[in-house]
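Colleague: sequence and computational prediction follow.
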Amino acid sequence: MSSSDRGPVRTRYAPSPTGPQHIGGIRSALFGWLFARRHGGQFILRIEDTDRKRSVPGLIEMIQDAFDWLGLDIDEGPRQGGPFGPYIQSQRLDLYQTWAHWLVEKGHAYKCFATAEELAQMREAGSGYDRRYRDLDPAAAKRLASRSQDYVIRFKMPLTGKTSGYDMIRGEVTFDNEQLQDTVLLKSDGFPTYHLAHIVDDHHMKISHITRAVEWLPSFPLHLKIWEALGWQKPYFAHLPVLLNPNGKGKLSKRKGRFAAADGTSVPVLVQEFIDAGYLPAAVLNFLTNIGWNFGDDREIFSLSEAIERFDLTDVNPANSAYPIAKLHWLNGQYIQSADVDYLAGLLKPVLQGAGYAVDEARLRRVAPILQVRLKTLNDVIAMAGFFFEEWSCFTAPATEILFQKKMDGRATRQVLEASIPVIESLADFSHERQYAAFKDLAKKIGYKNGQVFGALRAAVTGQRVSPPTFETMEILGKAESIRRIKLACDSLE
RNA sequence: GGCCCCUUCGUCUAGCGGCCUAGGAUGCCACCCUUUCAAGGUGGAGACACGGGUUCGAGUCCCGUAGGGGCUACCA
């Protein structure tokens, strides 16, 4: 959608710093970001900390970090600065106050002196605020104000008629004005509510397209009326669908987030949880972009820059969607599979170190390629390949029985393992191809199946029943270490 | 309760009146490949919420019903 009449495309993500970054919020931000990039515009981060009770200090950095991890660059924001700062609402209080009082002067808003008790009574009566101060005569209002009585400023919502607005995703939406209350614009502590603050900021920051979650749709008409009262040109609006819990019941929430998926694993919801679970930022981005929007051409895997070329808010599916977390698992595996080896090794290193392994980088670079088709998350490396980075003084597998292959007892297993040692010693070329040939010969010679010999070796050398291919593993381990581990396994069979 | 939004395989989606005996992906199942696990290949089961219209023709447009989601704060 062109916006030449509204200047360059400028979108923003405006979280309230009340908790760590939630994937639902990130997805909304991503759509705004994609749209800005598609049109060569700017993406702004603005912190909406107007709720003093709920704002958590220190969270701004965490929000920035989340964007950094994902690789979504921000043009203007608390860290980057910009021509329309500050980008933190608590630092722009005078602006909101000025406009709130301007609206009062112009008759679009009024001071309301209702006490908390009065409000509570009205709530109990079930009809909401009854606009009792809407038509208070100016003299009385002045008298109350001079007694330094607390007041809020409320918007004078039209009592009749309808308000409709255009949503880029759903088209025209119409509401009855009488459904809306005289919403508070400025609280008694001098802080604005969201309704006032975002409009003042979006105007002053020259936001061209407001992208926000659907939960804002009910207050869309209120906002439209405020824009009109202020006499400012309205931006375009796109109310984004939201993520529902994996079972489709209820909005995806931070608190309910950690329930178990079908396979028993917990569902990541916070950005930090994606990092901790070993997901790649590119995979997470691809995953999120594919919910509510699609690339076309039946393509599931695409880069962010490819998405930028095609993205449009008008193509976003208006329906909310269940959080399809299983697809991320698959996608992440695909990204690991096609990742650059050095990049992958670089990501794997801290994971292994975090699990207490001493990582030899050269070895890790050799291990990474044989892991690529096997890892779904970075964390899988621990279970799959931790043994590469351990010093063994004895066969450490939880059960010696893992050494036993089909129809084999301890004696047979030992016989196979002992017969393997001279085979290894005899190999001048220790490549996995040569090993394969040599051990096939051995199996034939001693009358065992390939699987029995290979499996016993696998267990002896890795301490696992499931591992990367045995011979490639031994090639990396080296002859000496392979033999050493096989001997330790034999010892355990004493 | 009132208001608003939404509704295609379990899930994410394609579909913008005839190309749909509804396509892709994931997940699931089977087979193939195979030294385990994966990966890869092939195949399979699996959906237009329901009821009315409009139209020569409806998954696609309209209305109703049902279901789901959201809002209804001096929270965002």
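Modeller: Noted; the coordinates are in hand.
Colleague: residues from the stretch 151-300 of chain A in reach of RNA strand B?
Modeller: A:152, A:170-171, A:173-176, A:179, A:181, A:184, A:187-189, A:191-194, A:214-219, A:241-242, A:244, A:248-251, A:290-294, A:298, A:300 (C-beta under 7 Å from any atom of the strand). Heads up, the C-betas are built off the backbone N, CA and C, glycines and all.
Colleague: show the contacting residues for residue A:232.
Modeller: Residues in contact with residue A:232 (C-beta atoms under 8 Å, 6 or more residues apart in numbering) are A:199, A:203.
Colleague: er, residue A:104 actually
Modeller: Per C-beta under 8 Å, 6+ apart, neighbours of residue A:104: A:110-111, A:153.
Colleague: try 6 Å
Modeller: Residues counted as contacts of residue A:104 (C-beta atoms under 6 Å, 6 or more residues apart in numbering) are residue A:153.
Colleague: and if you look at the one 5 residues further on?
Modeller: Remark: with contacts taken as C-beta under 6 Å, 6+ apart, residue A:109 is in contact with A:103, A:153, A:155-156, A:185.
Colleague: just residue A:136 next, same as before
Modeller: Contact analysis of residue A:136 by C-beta under 6 Å, 6+ apart lists nothing.
Colleague: that one: what secondary structure?
Modeller: Judged by DSSP: H, G, I helix; E, B strand; the rest coil, the three-state class of residue A:136 is coil.
Colleague: what separates it from residue A:195, distance-wise?
Modeller: Look at residue A:136 and residue A:195: by C-beta to C-beta, to the nearest Å, they are 21 Å apart.
Colleague: how about residue A:173?
Modeller: To residue A:195, residue A:173 is 17 Å away according to C-beta to C-beta.
Colleague: quick one: residue A:404 and residue A:413 touch, right?
Modeller: Yes - taking contacts as C-beta atoms under 6 Å, residue A:404 lies within contact range of residue A:413: 5.4 Å.
Colleague: who has more neighbours out of those two?
Modeller: Between residue A:404 and residue A:413, counting by other C-beta atoms under 10 Å, residue A:413 is the more crowded of the two (23 against 18).
Colleague: that one - that's part of a helix, no?
Modeller: Yes - membership of residue A:413 in a helix is supported by three-state DSSP.
Colleague: just checking, it touches residue A:456?
Modeller: Yes - the criterion here is C-beta under 6 Å, and residue A:413 meets it with residue A:456 at 5.4 Å.
Colleague: intersection of neighbour lists for the two?
Modeller: Common contacts of residue A:413 and residue A:456 (C-beta under 6 Å, 6+ apart): residue A:403.
Colleague: next, the buried residues of the strand or helix carrying residue A:102.
Modeller: If you go by DSSP states H and E, residue A:102 is part of helix A:93-105. If you call a residue buried by 16 or more other C-beta atoms under 10 Å, then helix A:93-105 has these buried ones: A:93, A:95-97, A:99-100, A:103-104.
Colleague: specify the beta-bridge partners of the spatially closest residue to residue A:152 that is not a sequence neighbour.
Modeller: Nearest non-adjacent residue to residue A:152, counting by C-beta to C-beta, 6 or more residues apart in numbering: residue A:184, 4.8 Å away. Here residue A:184 sits in beta bridges with residue A:154, as judged by DSSP bridges.
Colleague: and for the residue lying closest to residue A:469 once chain neighbours are set aside, the neighbour number?
Modeller: Among residues not flanking residue A:469 along the chain, residue A:370 sits closest, at 6.5 Å (C-beta to C-beta, 6+ apart). Neighbours of residue A:370 under the rule other C-beta under 10 Å: 19.
Colleague: from residue A:345, how far out is residue A:370?
Modeller: As for residue A:370, its distance to residue A:345 is 12 Å (criterion: C-beta to C-beta).
Colleague: next one: residue A:307
Modeller: Residue A:307 is 27 Å from residue A:345, where distance means C-beta to C-beta.
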